[in-house]
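Chemist: coords below, sequence missing:
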């Protein structure tokens, strides 16, 4: 994985809470964007590749939060009746 975006940890993926795993954050980003933003704001997010666990660094988290804000903004604009 890219060392600028991910930091290797000593955790196993079983020790990471299921809602902090990359698959869940990705799913909530698509389906429940405010929940994804809450998860990203309240703690660290982890990814696994080749049985090695990586922590998402702050720039990745910030990009995901900007994506959440953009999606929420688009949803609010589309919800305004014309």
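Modeler: Ah, there it is. Because the structure is predicted, anything quoted here is derived from the model rather than measured.

Chemist: Which residues does the longest helix along the chain contact?
Modeler: Longest helix in the chain by number of residues (criterion: DSSP state H): helix 58-79. Helix 58-79 is contacted from outside by 4-6, 25, 29, 33-34, 36-37, 40-41, 45, 56, using Cβ atoms under 8 Å, 6 or more residues apart in numbering. For glycine as for every other residue, the C-beta is placed from the backbone atoms N, C-alpha and C.

Chemist: which residues in the protein form helices?
Modeler: Under DSSP H, the chain gives helices at 22-31, 33-42, 58-79.

Chemist: Mind listing what's buried along the longest helix of the chain?
Modeler: In terms of neighbour count (16 or more other Cβ atoms under 10 Å), helix 58-79 has its buried residues at 60-61, 64, 68, 71.

Chemist: Could you give the bridge partners of the residue nearest to residue 45 when sequence neighbours are not counted?
Modeler: Leaving out its chain neighbours, the residue that sits closest to residue 45 by Cβ to Cβ, 6 or more residues apart in numbering is residue 56, at 4.6 Å. Counting by DSSP bridges, residue 56 is bridged to residue 6.
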